[in-house]
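J.: Sequence unavailable; structure follows:
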């Protein structure tokens, strides 16, 4: 009888001590801060020019995001060039099948009509070619909140345009942990583009650990028309990134930072 009572007492004592021992809190996973860097993005269908520029910039181990429109008009050899860019680590993204201004289109048509005419056939054809598309840029920057909501069901991240801010810290062209981002144009004839301002944007990104998002169109040695960016401008950016230990990002890379 005494042995039984002793066993019960010992068991109760063990249970009380065990239950009083607090479970050690698990350490919270450390959030790795993003490294300051730049997204160089290119719009439309200037595949030959982009491919030539890539040959010049390879020495910087750079990365670009190419937002392709009118995929149905490209030649076989141009599709092969896009596949080669993708293989090298660049991103191929969507820019609309017909390059419609989405905001203008949906003033007279439904969003479903826009998706059926501009987005779904583009995605189907790009997938057929082996192009892995997860990002989209609005042609002309034309967007609405309803379009944002519809497109974010198809894409992981979408890009608009940042306009008309002259002060670097007020320019909306830095990644803000959102699936909707905005870019600043570095086309040579863009109203607000100049090298001193570009350097201010880069300096702000470096000093504040930001990711600067830039866009352009046709890459050229010498500017002869609107919507063109000098290769020399891109080389200046690449040199700045390397000199300041910054990083090249694609738009889809941003999804990995969340």
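T.: Perfect, I can see it now. For clarity, every value in this text was computed on a predicted model and none was experimentally measured. Residues are numbered from 1 along each chain as shown.

J.: Around residue 43, how many other residues sit close by?
T.: 28 (other Cβ atoms under 10 Å). Placement of C-beta: from N, CA and C, glycine included.

J.: Assumed it was part of a strand.
T.: Yes: secondary structure of residue 43 (DSSP: H, G, I helix; E, B strand; the rest coil): part of a strand.

J.: quick one: the strands in the stretch 1-150 of the chain?
T.: In the stretch 1-150 of the chain, strands defined by DSSP state E, counting those that start in this stretch lie at 37-44, 65-68, 91-94, 135-137, listed in chain order.

J.: so which strand or helix has the residue lying closest to residue 169 once chain neighbours are set aside?
T.: Using Cβ to Cβ, 6 or more residues apart in numbering and skipping the chain neighbours, the partner closest in space to residue 169 is residue 204 (5.9 Å). Using DSSP states H and E, the element containing residue 204 is helix 195-207.

J.: Quick one: mean pLDDT for whatever helix or strand comes next after that helix?
T.: For helix 195-207, the following helix or strand on the C-terminal side (DSSP H and E) is strand 211-216. Averaged over strand 211-216, pLDDT sits at 96.

J.: before we move on, what about stretch 50-69?
T.: 98.

J.: what residue ranges in the stretch 101-250 of the chain are flagged as low confidence?
T.: Low-confidence segments of the stretch 101-250 of the chain (pLDDT under 70): 163-168.

J.: part of a helix, is residue 255?
T.: Yes: remark: residue 255 belongs to a helix, assigned using three-state DSSP.

J.: Go ahead and confirm it touches residue 158.
T.: No: here residue 255 lies out of contact with residue 158, judged by Cβ atoms under 8 Å, at a distance of 11.9 Å.
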